[in-house]
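J.: sharing a model that was predicted from the sequence below.
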Amino acid sequence: MSKYFLKRLAMAVVTLLAIITITFILMHSVPGDPFANENKRMPEAVYQNLMKKYGLDKPYSHQYIMYLKNIARGDFGESMKSNTETVNEMIARGFPVSAQLGLQALIIALIFGPVLGAIAALYQNKLPDYISMIISIIGVSVPSFVMGSFLIQFIARNVDWIPIGGWGEWKHTILPSFALALMPLAQMARLMRSSMLEIIGQDYIKTAKSKGISRTAVIMKHAVRNAILPIISILGTTISNLLVGSFVIEKIFGIPGLGMFFTTSIYNRDYTLIMGVTVFYAIVLIAMLLLVDIAYTLIDPRIRLTEEGR
Amino acid sequence: MKADMAYTKEMFEKAPQELRDAEGIRRPSIKYWADVWRRLKQNKLAMVGLILLIVMGIMSFAGTQIAKFEYYEQNLTKINVKPNSEYWFGTDELGRDLFSRAWLGTRYSLIIGLLAAFIDFGIGVVYGGVAGMASRRVDAIMMRIAEVIYSIPYMLVVVLLSVVFSEAGSGTSMFVLILAMTITGWVPMANLVRGQVLQLKESEYSLASESLGASKGWILKKHIIPNTLGPILVNVTLTIPRAIFAEATLGFLGLGLQPPKPSLGTLANDGLAVMPIGLFYQILIPAILISLLMFAFNVLGDGLRDALDPRLRK
């Protein structure tokens, strides 16, 4: 058991190291250096100072080790374009916003997705099935940026108290959360429907029914409990999709989250910020994947057994 | 039976042709793919998807031909014109014809999606096939490597590569876009192929072939790959919308193809910029096209999966 977790943890660390290394190599293989093309008339002394400040005058291997050390201490360095904030401060400002948005979207998806899928399966080939499948097909087909702009156009412009964009009060989070939640919601509904259908046909459901257990109890205790397992297994991917979705949603609704910092850092070619945010995202994601994995093995002992048997 | 029964010549006459024909199979036997196609045809939603794809595929080439203006032609006297008889989809803020741009964007989106899926397919089949056929140890190492690559968030790699290989604000070349998408995208395909190979390797017909002296490569080529084609096809069909979606998202974030080349994502990005001044049609058109593309590929992939699923066969 603990051996399995240790193995998972080791994998996570290797993955993280791989990401950091790839990010480092990529950012340093950009032709030219970040200051060369910006101010052509920059005095030589200033240029040398800047290079020194960011440690760019040292050999790559030295820079790499320095970078690893700094990350291990939780220091992502200074932004190359902003003089007022370090990368850490930007992450500290942006992440709570993105996390709130992502969490709200995840909760919406987790509530409505499985319910929709379960209803569809229980009423297979009847009206509720068709309705929920139409919703989920729209959900997987319509990209979040399309959904976001449609929500602005048709809801925010017509309903007075719902703002078009911005951040601050809770009402600002309603539309972005829904726009972000739609795709994972639809994926969960589809997954829930197929796994529900499979489980309804199982013998133990028949046994439960023949023992005279009420329909609700059979559905809730025997069917849903088992059918929900695949949903937990895709939670990791869902969280990663929510993250990418948040880049887009934050741009549409003008929300000052981490995604916004990331996209602006790309425009500005602020390499330390790009690196910092990428590595931070990677840490968050890998931690999430690890948590989901562990949670899954705790909930479903079958996985643990087959993994250990390998 | 009497021992002295006479065998006369008449007893050995050829049977008439009609009697021999009775043993023949009258109707053409339904081959595997013909059967799949027959069941796919019964799935109305999947057929809608297929027809939609064919129409959009044709329009992505024909649309730019029947358009009255080239996609890069600017007419500064006619900027932000709403859709009318001259400009069927209107014009953008540089006075470019959106009809021509939208269909060219569809073409690029389709090409990127198809190429990315094709490359994922190629790498995935080779890697998964080798891992499945190799010894347990090699297999374990190969799968660990794939696992590490796959747990790198796909979109972060795409964004990073687009940043590195493109000048600020100039967009990304199609090569880099496809590279970025396939760098982690092949892993699910490899996993799928490996799983299938491991399963089919144990099948009786593989064993029979092996005992007749066939090499591993031969078994892989002749027995295993043809039998995994079904699930692979479904996977490819569902990879395409993912790549199209990724490209559109990149375009929307300003990392799409170099201007003036349009993609559906960059068109939507341009459309978003003018949405606050009431020009909703500029985002509406690329939004509808991309949603239709995603819808078509998704329902076609679902339909294929159902048509290939032996459990649903009657």
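T.: Thanks, I have it.

J.: doesn't A:D57 fall inside a helix?
T.: No - under DSSP: H, G, I helix; E, B strand; the rest coil, A:D57 sits outside any helix and is assigned coil.

J.: that one contacts A:Q48, correct?
T.: Yes - between A:D57 and A:Q48 there is a contact at 7.4 Å, judged by C-beta atoms under 8 Å. Heads up, the C-betas are built off the backbone N, CA and C, glycines and all.

J.: need the contact list for the closest residue to chain B within the stretch 151-300 of chain A.
T.: Proximity of the stretch 151-300 of chain A to chain B (C-beta to the nearest C-beta) peaks at A:V244, 4.0 Å away. Residues near A:V244 by C-beta atoms under 8 Å, 6 or more residues apart in numbering or on different chains: B:P153, B:M155, B:T249.

J.: can you classify it by secondary structure?
T.: helix.

J.: show me the contacts of A:V244 that map onto strands.
T.: Among these, DSSP state E puts none in strands.

J.: mind checking which of these are in helices?
T.: B:M155, B:T249 (DSSP state H).

J.: now, among the contacts of A:V244, which is nearest to chain A?
T.: B:M155 (4.0 Å).

J.: and B:Q74, what element?
T.: Counting by DSSP states H and E, no helix or strand carries B:Q74.

J.: burial check on B:A116, number of neighbours?
T.: By other C-beta atoms under 10 Å in any protein chain shown, the residues close to B:A116 number 25.

J.: and it, that one's in a helix?
T.: Yes - assignment of B:A116 by three-state DSSP places it within a helix.

J.: so which of the contacts of A:V244 reach chain A?
T.: Among the contacts of A:V244, proximity to chain A is found for B:P153, B:M155, B:T249 (C-beta under 8 Å from any C-beta of the partner chain).

J.: shouldn't A:I20 be within a helix?
T.: Yes - assigned with three-state DSSP, A:I20 falls within a helix.

J.: any idea how far it lies from B:A117?
T.: According to C-beta to C-beta, to the nearest Å, A:I20 and B:A117 sit 30 Å apart.

J.: and these two? which has more neighbours close in?
T.: Using other C-beta under 10 Å, the more surrounded residue of A:I20 and B:A117 is B:A117, with 25 against 19.

J.: which helix or strand contains A:I249?
T.: helix A:235-253.

J.: following that helix, which helix or strand shows up next?
T.: helix A:258-268.

J.: what comes up buried for that following helix?
T.: Buried positions in helix A:258-268, judged by neighbour count with 16 or more other C-beta atoms under 10 Å in any protein chain shown: A:L258, A:G259, A:M260, A:F261, A:F262, A:T263, A:T264, A:S265, A:I266, A:N268.

J.: keep only those that also lie close to chain B.
T.: Answer for those near chain B (C-beta under 8 Å from any C-beta): A:F262, A:T263, A:I266.

J.: these two touch, right, the last one and B:L250?
T.: No - at 10.3 Å, A:I266 and B:L250 do not qualify as touching, with contact defined as C-beta under 8 Å.

J.: name the residues contacting each of the two.
T.: B:V159.

J.: off-centre distance for stretch B:32-52?
T.: Taking the mean of its C-alpha atoms, stretch B:32-52 sits 15 Å from the chain's own mean (C-alpha atoms, centre = their mean, to the nearest Å).

J.: could you work out the end-to-end span of that stretch for me?
T.: From its first residue to its last, stretch B:32-52 covers 25 Å (C-alpha to C-alpha, to the nearest Å).

J.: what's next to it, contact-wise?
T.: With C-beta under 8 Å, 6+ apart as the criterion, stretch B:32-52 contacts B:30, B:230, B:292, B:295-300, B:302-304, B:306-308, B:312-313.

J.: in helices only, show me those.
T.: B:230, B:292, B:295-300, B:302-304, B:306-308.
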